[in-house]
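> fold the stuff below for me.
(chains A and B)
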Amino acid sequence: MLSPKAEQLIEEYLNLPFLEVPGVRCPYFINSRSKQRAQLRALIGKGLPQEIVEEAKIISIQYHHGIFDCEGKCLITNLPDYDSINPPAKCIKKFLVDNGLGIDCSGFVSHVLREHFKETRKIDIVNKFFFVPIKNSVRYFISWLRPIENMSVKHYASDKNTKKIEAIKDIAPGDLMIMIETGPQKNRNHIILITDNNGQTIKYVHARAWSMEGQYDHGVARGEIRITKPDKPLLNQEWVEFGTINENNETYLEAKNAKVFEVRRIKF
Amino acid sequence: MSFLPFSPNLLQQALLYAILAAMGAFILAPILVRLLLKFKITRSAEYDFTLKGGERLFKVGTPIMGGLLVIIVVTAITLLFNWERSYTYVPIGVMGISAFLGAADDLLNIFGKKRRNRTLPMTLTLIRVHKKWYVRLWYILTLPWTIFQRSTSVLGSHPGKGVLVHEKLLLQFLAGAITAWWIYFKLGPQWHTLWIPFDGFVSLSWWIIPLVIFLVMFTANAVNIADGLDGLAGGSLLITFAGLTAISWIEGRAAFTLLNATVMGALIAYTYFNVKPARFQMGDVGTLGLGALLAINVMAINKTILLPVLGFIFYIEAISVILQVFFRRFLGRRLFKMSPLHHHFEFKGWSEERIVMRFWLIHFFFVLIAIWLSMN
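Predicted structure coming up:
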């Protein structure tokens, strides 16, 4: 299991801390569309749950959406155009997606791992992290100022930061499944955080968007890999997520189609 | 016209100027409101990102450029009754330049068209690919100007309309430079030193010049930033100029006592019409003009060090914006829910009246401190 604070943080992403509105799952932030520089981290897919919630409230008040009041109370059911078929949580999630709020895979993993390592090893991984390749001193300075925003999948895939785990039995909570050059156009990288391994099941969590979920239903999700053939690699096991198994499971397909698919462990 | 410190005669005259200015402004205010409405110089929601839901939408249609009231009254009374070439002509001139800049910004924001501002990568591309050699040469020669334009645009709240940031900075620099020239060359060697409470004077020599330029620019913009709620900038300026009148009177600086008293009087009428629900709002014409006048009047009585205390709320508001930009751009987080500081409290659910009155009281407290410090 991950540390209690890391687990709590995952729960907050799965159930964003909106006052009186439970069940808002943090949407996935599609970072390939983002062209923003030096922006708030909540607006570039790297925010903490509380920052995403706070930003949603500010956007709502600033641009007159009337979804929240100054105390953070949800007013969505009072709006004249409120669609009573959809519960408030669903409407808020749509609002988050429409306003570019969410979390990307590496941002999510970085925040959770940071909590996990702070509690279990008393270290802050952002201070130990090696940002490769450092192109120039300006990039180094930016990475030093805004480490979480600069911890990308490629950085996690580097031997400077992580080491490869070969055997399924060695996989432990806090390990990472890294996919390089995946997706239909082989232009995306993805990272998944392993939360538990009891020998029969490997549990994981990640921020992702599946095509079957459409424009608004994506976000942070849990899944598991059932170890049916312990002597075979991970891709030969049973991947279960969102009620789907293997070929219907888009996470599995991403892992299968990736140019590089590895399980890696933070070195420090 | 010279007076000893704490002169009852000077105080009597100052009060007369304040009463005269207040009466003049009270008479002029309704006429100004009508004129502003007639020419549709009013607030629109189009570019105002701070208009908050239903609570602030009633402000749409309120006349802006109400600061003209103070500028006109102060200029007229000073020209007629307090025109001392060695003292008052530069403060009034600098206030005029800043007010002119503010007026241009206000009017262009309402009536102007969106102005194109070529980006740096676009200019660099044109330098490489433009088919005419002399156009390429022109872009190369003007490249430093383009870099200046683009680098300053990040300071603007809604760039594209009105006076652009680089133009604003240049004109404010001009106002600051005139002030620095006047203080350094015209007021005499006594002004080359910086007065320090309890400790006497520190010689700054020519370093006073960049300091003066910076303070004029910063203070003008700080007052501009504080003008976001009904009565906030007006009431705070009223408190500041009342304090400044007291300090000038204590120091026995006649021309400035009368000038500050005139501003104070005009601001009484202005604030009367500006408290919620405002009949008009100050606009850049008033904030930039009075901000520059505040800086110059404090420096002219050689109490420069007291400027951040006398203009406490304005400085706090300006610093809140600087900190917010730093946190946002460099750390990716918000320090305040929104800047300037008064919007942070609005987002926390404080009413406009509560923010304004608390800010006034805090400001008044610091102005009292400034007066006490000036006597040490």
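
> count of neighbours near residue 194?
No chain in the question, so chain A it is. 22 (other Cβ atoms under 10 Å in any protein chain shown). Any C-beta I mention is one placed from the backbone N, CA and C, and that applies to glycine too.

> the chain in question should be chain B.
B:L194: 17 surrounding residues under other Cβ under 10 Å.

> show me the contacts for residue 149.
By default, I'm working from chain A. Applying Cβ atoms under 8 Å, 6 or more residues apart in numbering or on different chains to A:E149 gives the contacts A:41, A:44, A:46, A:107, B:332.

> that's the wrong chain, I wanted chain B
Listed by Cβ under 8 Å, 6+ apart, the contact set of B:Q149 reads B:117, B:164, B:166.

> ok, now how distant is it from B:R116?
The gap separating B:Q149 from B:R116 is 11 Å, by Cβ to Cβ, to the nearest Å.

> who's in contact with the nearest residue to A:K73 once chain neighbours are set aside?
Once flanking residues are discounted, A:K73 sits nearest to A:L19: 5.7 Å by Cβ to Cβ, 6 or more residues apart in numbering or on different chains. By Cβ under 8 Å, 6+ apart, the residues touching A:L19 are A:71-74.

> next, A:L19: secondary structure please.
coil (DSSP: H, G, I helix; E, B strand; the rest coil).

> find the least confident helix or strand in the chain, judged by mean pLDDT.
The chain I'm using is chain A. Least confident helix or strand, chain A: helix A:137-145 with a mean of 82, by mean pLDDT, DSSP states H and E.

> that's the wrong chain, I meant chain B
In chain B, no helix or strand scores lower on mean pLDDT, DSSP H and E than helix B:53-57, which sits at a mean of 60.

> can you name the next helix or strand after that helix?
As assigned by DSSP states H and E, the chain's next helix or strand after helix B:53-57 is helix B:68-81.

> return that next one as CSV; C-alpha atoms alone will do.
Below are the C-alpha coordinates for helix B:68-81, written out as CSV (Å, rounded to 0.1, in the frame of the first residue of the first chain):
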residue,chain,number,x,y,z
LEU,B,68,-11.3,65.2,-13.9
LEU,B,69,-13.2,66.9,-11.2
VAL,B,70,-10.2,67.0,-8.9
ILE,B,71,-7.7,67.7,-11.6
ILE,B,72,-9.8,70.7,-13.0
VAL,B,73,-10.5,72.2,-9.5
VAL,B,74,-7.0,71.8,-8.3
THR,B,75,-5.4,73.2,-11.4
ALA,B,76,-7.8,76.2,-11.5
ILE,B,77,-7.4,77.2,-7.9
THR,B,78,-3.6,76.7,-8.0
LEU,B,79,-3.3,78.8,-11.2
LEU,B,80,-5.5,81.5,-9.8
PHE,B,81,-4.4,81.8,-6.2
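
> averaged pLDDT, that helix. What do you get?
Across helix B:68-81, pLDDT averages out at 96.

> are we agreed that A:V220 is in a helix?
No - using three-state DSSP, the secondary structure at A:V220 is strand, not a helix.

> skipping its backbone neighbours, what lies nearest it in space?
Nearest residue to A:V220, sequence neighbours excluded (Cβ to Cβ, 6+ apart): A:Y13, at 4.3 Å.

> the one you found and A:G47 touch, don't they?
No - assessed by Cβ atoms under 8 Å, A:Y13 is found out of contact with A:G47, at 10.2 Å.

> the two - which one has more neighbours?
Using other Cβ under 10 Å as the criterion, A:Y13 and A:G47 rank with A:G47 on top: 26 against 22.

> in the stretch 101-250 of chain A, which spans are helices?
Along the stretch 101-250 of chain A, the stretches classed as helices by DSSP state H, counting those that start in this stretch are A:105-120, A:125-128, A:137-145, A:147-150, A:153-157, A:250-257.

> pick out the shakiest of the ones you listed, pLDDT-wise.
When the helices of the stretch 101-250 of chain A are ranked by mean pLDDT, helix A:137-145 comes last with a mean of 82.

> any bit of that one sitting next to chain B?
Yes - contact of helix A:137-145 with chain B is found when judged by Cβ under 8 Å from any Cβ of the partner chain, involving A:L145.

> and the contacts of that helix?
Against helix A:137-145 from outside (Cβ under 8 Å, 6+ apart): A:131, A:134, A:150, B:330-331.

> which element is A:V263 on?
Per DSSP H and E: A:V263 is located in strand A:260-266.

> strands of the stretch 51-200 of chain A, start to end?
With DSSP state E, counting those that start in this stretch applied, the stretch 51-200 of chain A shows strands at A:162-165, A:176-182, A:188-197, listed in chain order.

> out of those strands, nearest to chain B?
Closest approach to chain B among the strands of the stretch 51-200 of chain A is made by strand A:188-197 (19.8 Å; Cβ to the nearest Cβ).

> cool, thanks, talk later.
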